[in-house]
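Q: Need coordinates for the following:
(2 chains)
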Amino acid sequence: MSVTNNLDREQAARRASTIALRTASAIMGDREQAGDVAQDVAVDVLRSLDKLRDPDGFDAWVYRITVRRTLRVLRKRRSGLVEVPLALALDVGDTAHEIDRDLVIAARGALGQALMTLPPRQRVAIALRYVHDLTDREIAAAMGCRRGTVNALLSRARAALRDVPTLQALAIQTEGGSR
Amino acid sequence: MTDFEDTMLRQALAPARDVAPTDEEIARALNRASQPRPLRRSRVVVLTSAAVLALCGAAYATPPTRAAIDDVTGSFSAWVTGDDDQAPGRALRPGDDAPAWVTEPGGRLIAKSDGVALYVTRVANGRDGTLLGFSYGKGASASNGVGISAFDTVDGWRARFDDHALVVLGAPPVADRPGRFSLVGVTARSVRRVELRYAAGPPDVVNGVSGGFVMIGDVSRAPRDVLAYDADGRELERADVSAVTR
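A: Numbering: from 1, shown residues only, chains lettered A, B, ... in the order given. Reported below is the predicted structural model:
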């Protein structure tokens, strides 16, 4: 069964582009670069839409293509370190309703720098977990690895972030104050 | 990580959750996808000759979504993880004259033409890793270094193969037939027929493809493209092989 019969191409392009854009934005921190990745992912998806046999597998398929495309870009620019301010360069918006707004802004600044120091696959795992709320199993499918590997990637990333002095200070400040 | 740190990470990345593509970006993607795909050089995987190659372990489990995708790696991934119902090609027979490293781990014959065979093997490596291997060459002489083999994890192959329905592995000359070359490739499950087209004259055709093919081509006729078709005769992929024999 071909998915093309059941899924409008524009709808598919929009869904694929949205998933890719959000993932790449979180990982790269640059809307323009994330947009380029999203374009490539959407085109990949549209060109191969008739190869997808199970419409329920659409999102997982897009995640996998997104991961591959994003990692490819990250690896290409690995040799020359590019300053990427991360998601924190995006508007703060109204997301600071649960934690103090200043704290969120500060955390974004610190995380922006810290995340850029993580290896690409750790950044991807973090983005899939904290942007898309994927389970370990779903992240494993997207990254083409075992669930144990996902656990390890996330653990290492969190451990590295835990060592960031600014985040430590924020955690202490919040646990001792606003919480 | 504490709940606080978890929440902080979620909050810090929250802006990315609200990003959305513009209508212009969607239109551009639709437009790009509708353009004819530029003919690119075939995905020729460079394999190191002789014996076993890369041994990069790491366990592998097939994510469930992969079965939904029809590409070259999908032809082999389920079998590598132990699903013998999904085995590609056919079991080896004594007369197949396959090299030891193919027969011993229970390799399978994917295709054979004029004595040149393409085998696939799955090999346990390390504690729980399983490698997928492709080997091709002429008979058991491959064990003397004439043949070509490469092993990697399914992930490794997938990275090389992308989502292609056809990948050309190589085109070595046929030793005892001057002017001839053996075109060796792997295909998605849906591929049933492969054609090798030349600058002029009729194509060479292989029907009943099951995971891969071996064709004996004629260098003098200037090979151009190799095409993969499904059971309904639809063209699934086309690879430029004009440079392969130069």
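
Q: any chance you could map the strands in chain B?
A: Taking DSSP state E to define them, one finds strands in chain B at B:90-91, B:108-113, B:116-125, B:129-138, B:148-152, B:166-170, B:180-187, B:193-198, B:204-207, B:212-218, B:223-229, B:235-240.

Q: in chain A, what spans have low per-residue confidence?
A: Using pLDDT under 70 as the threshold, the predicted model of chain A has low-confidence ranges A:1-7, A:76-113, A:116, A:164-179.

Q: for it, what spans make up the helices?
A: Using DSSP state H, the helices of chain A run over A:9-28, A:31-48, A:58-76, A:101-116, A:120-130, A:136-143, A:147-162, A:165-176.

Q: Check chain B for its longest helix and report it.
A: Scanning chain B for the longest helix, with DSSP H as the assignment, gives helix B:23-34.

Q: which other residues reach it?
A: In this structure, residues lying in contact with helix B:23-34 by Cβ atoms under 8 Å, 6 or more residues apart in numbering or on different chains are A:9-10, A:13-14, A:17, A:35, A:38-39, A:42-43, A:46-47. C-beta: built from backbone N, CA, C; applies to glycine.

Q: how about TSV for those, with distance to chain B added?
A: Formatted as TSV, the entries for the contacts of helix B:23-34 read as follows, by distance: Cβ to the nearest Cβ, whole Å:
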residue	distance to chain B
A:9	7
A:10	6
A:13	5
A:14	5
A:17	4
A:35	6
A:38	6
A:39	6
A:42	4
A:43	5
A:46	3
A:47	5
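
Q: What is the most widely separated pair among those residues?
A: Across these, no pair lies farther apart than A:9 and A:35, at 19.4 Å, counting by Cβ to Cβ.

Q: Would you mind telling me which of those two has more residues around it?
A: When neighbours are counted by other Cβ atoms under 10 Å in any protein chain shown, residue A:35 comes out ahead of the other of residue A:9 and residue A:35, with 21 against 15.

Q: Please tabulate the helices of chain A in JSON lines and include distance to residue B:165 as additional columns.
A: Output for the helices of chain A, formatted as JSON lines (distance: least, Cβ to Cβ, whole Å):
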{"stretch": "helix A:9-28", "distance to residue B:165": "19"}
{"stretch": "helix A:31-48", "distance to residue B:165": "9"}
{"stretch": "helix A:58-76", "distance to residue B:165": "15"}
{"stretch": "helix A:101-116", "distance to residue B:165": "37"}
{"stretch": "helix A:120-130", "distance to residue B:165": "26"}
{"stretch": "helix A:136-143", "distance to residue B:165": "21"}
{"stretch": "helix A:147-162", "distance to residue B:165": "28"}
{"stretch": "helix A:165-176", "distance to residue B:165": "46"}
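
Q: Quick check: closest non-adjacent residue to residue A:63.
A: residue A:142 (3.6 Å; Cβ to Cβ, 6 or more residues apart in numbering or on different chains).

Q: tally of neighbours for that neighbour?
A: Other residues near residue A:142 come to 28 when the count uses other Cβ under 10 Å.

Q: next one: residue B:93
A: Other residues near residue B:93 number 9, with proximity taken as other Cβ under 10 Å.

Q: How about the one 10 residues further on?
A: Counted with other Cβ under 10 Å, the neighbours of residue B:103 add up to 16.

Q: what about it, distance to chain A?
A: Counting by Cβ to the nearest Cβ, to the nearest Å, the separation of residue B:103 from chain A is 30 Å.

Q: Test my guess that residue B:124 contacts residue B:133.
A: No. In terms of Cβ atoms under 8 Å, residue B:124 does not count as a neighbour of residue B:133; the distance is 11.6 Å.

Q: more crowded one of those two?
A: With neighbours defined as other Cβ under 10 Å, residue B:124 and residue B:133 compare such that residue B:133 has more, 23 against 11.

Q: and the more buried one, bridged to which residues?
A: Here residue B:133 sits in beta bridges with residue B:121, residue B:151, as judged by DSSP bridges.

Q: mind listing what it touches?
A: Neighbour list for residue B:133: B:52, B:107, B:120-123, B:149-152 [criterion: Cβ under 8 Å, 6+ apart].

Q: Of these, which is the most crowded?
A: Most neighbours among these, by other Cβ under 10 Å: residue B:120, with 25 neighbours.

Q: My guess is that one contacts residue B:108. True?
A: Yes. Taking contact to mean Cβ under 8 Å, the distance of 5.4 Å between residue B:120 and residue B:108 places them in contact.

Q: shared neighbours of those two, which are they?
A: By the contact definition Cβ under 8 Å, 6+ apart, residue B:120 and residue B:108 are jointly contacted by B:88-89.

Q: rewinding a little: right, and the residue nearest to residue A:63 touches residue A:61 too?
A: No. Counting by Cβ under 8 Å, no contact exists between residue A:142 and residue A:61, whose distance comes to 9.2 Å.

Q: What count of nearby residues applies to residue A:160?
A: For residue A:160, using other Cβ under 10 Å, the count is 15.

Q: do the same with residue B:100
A: 10.

Q: pLDDT wise, what is it at?
A: At residue B:100 the predicted local confidence, pLDDT, stands at 72.

Q: next one: the one 3 residues further on
A: Residue B:103 is assigned 77 on the pLDDT scale.

Q: gap between it and residue B:97?
A: Going from residue B:103 to residue B:97 by Cβ to Cβ, to the nearest Å gives 10 Å.
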